[in-house]
Each structure stands twice: as C-alpha cells, then as structure tokens.
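K.L.:
coordinates for the following, if possible.
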Amino acid sequence: MFSVEKACLVVVDVQGKLATIVEESESVIENTAKLVQGMQALEIPILWLEQNPSRLGSTTAAIAQHMKGQPISKISFSACREESFMEAVKMSGRTQFLVTGIETHICVYQTARQLKEQGFEVEVVVDAVSSRTKENKQIGLVKMQALGIMPTSTEMILYELMQRGDHDQFKTVLRLVK
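P.N.:
Predicted structure coming up:
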C-alpha cells in the first residue's frame, strides 16, 4: 500500500494544446487537479514536469493554479533522463511514485518504467493519464502493468493514502472526489 510518508506525485506534461486534444482531456485535467489538491492536503510532495515548454506551452491553468513552485523543464521523454528531475526525486526522500499526465504511451510510460527500474514502487493513475488515441493509452497501460506498475484511480489512491475515515483531511478529500 502507498503511504503518506513514502508517496510522491509526478505530474507529466499536462500542457499546451496537447492537453486539450488527448482522449477525455477534460476528465484527465479535472482528475489531475483533484490529485494535486489532495496531495497538498495530505502534505505529499509533487514533482511537476513540462516537456519543452517553449514549444509546447505551459501547464494547463486548471492544474497550474494549484501548484507551488516551478515546473521541471525537460526535453527527454523520460523525466528520469533529466538531472534536475532525478535530483528532485532524491531530495524528496520518497520511494513510492504516482504517475499522471500525458501521453500515456510516451512520457508517462518511459518515466514510470525508469522509476520502476531504479527500484521505486510506481503506480499509474489511470483516470488521470491519456494519449491522443484510446489505443495508445491502452498500449501504454498494458506495458506498464507487465512491468509491475499497477493501475490505480484518483479516488482509490486518495483513500488509500488516508487509510481511515477519521483522517484529519478526510472532509477535504471527500469534497474533492464528490
């Protein structure tokens, strides 16, 4: 099980025009925003990525408005190939990573795979990832699951992290998921 003490959220490239043309874009953006707010309420660190922002644009405002600090800019499809990301992973002190974002079969897959290969526990938040086609999303999810990267959902992981109905942040999280 993922825990508040070990978990970290990785938000991958939900930016620019691409964020609006992926399958179920509104739902992905909405669920990512819920996750960001939930993680902040639970005091779980968030690593926020943007792929080549000078060309692809900034993180979608519906998500960026809830973020603190600055995104980590990357050019590699896998964030793990970027020194600044790996330094942030190390500085987080976390061993469990929840991966969200776009596109499932490219940047999400490659980042999740390399985190897993480095010995971290990794899950993908299925209702907060997407690709331009359903087929590519599905292929990415299947390949991740074959590597032991298990699927979860926005609501499932938030409740898993709280563990109890009397958690201090239960009402905050409940408002987010309802």
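K.L.:
quick check: the gap between residue 86 and residue 111.
P.N.:
Taking Cβ to Cβ, to the nearest Å as the measure, residue 86 and residue 111 are separated by 11 Å. Every residue, glycine included, has its C-beta placed from N, CA and C.
K.L.:
now do the shared contacts for those two.
P.N.:
Residues touching both residue 86 and residue 111 by Cβ atoms under 8 Å, 6 or more residues apart in numbering: residue 80.
K.L.:
for these two, indicate the residue with more neighbours.
P.N.:
Ranked by neighbour count (other Cβ atoms under 10 Å), residue 86 and residue 111 place residue 111 first, with 29 against 16.
K.L.:
need the contact list for the more buried one.
P.N.:
Residue 111 sits next to 10, 12, 49, 77, 78, 79, 80, 99 when contact means Cβ under 8 Å, 6+ apart.
K.L.:
among the residues you listed, which are in strands?
P.N.:
Among those, the subset assigned to strands under DSSP state E consists of 10, 12, 49, 99.
K.L.:
in what helix or strand does the residue nearest to residue 43 when sequence neighbours are not counted lie?
P.N.:
Residue nearest to residue 43 in three dimensions, not counting chain neighbours: residue 4, with 7.2 Å by Cβ to Cβ, 6 or more residues apart in numbering. Element membership for residue 4 (DSSP states H and E) is empty, with no helix or strand holding it.
K.L.:
dump the ones in strands among the contacts of residue 111 into TSV; add pLDDT as well.
P.N.:
Compiled in TSV, those are given as follows (pLDDT from 0 to 100):
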residue	pLDDT
10	98
12	98
49	97
99	98
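K.L.:
and residue 129, what helix or strand is that in?
P.N.:
Secondary-structure element containing residue 129, defined by DSSP H and E: strand 121-130.
K.L.:
tell me which stretches of this protein form helices.
P.N.:
Secondary structure of the chain, counting by DSSP state H: helices at 18-21, 25-41, 53-56, 61-64, 83-92, 109-117, 134-146, 154-162, 170-177.
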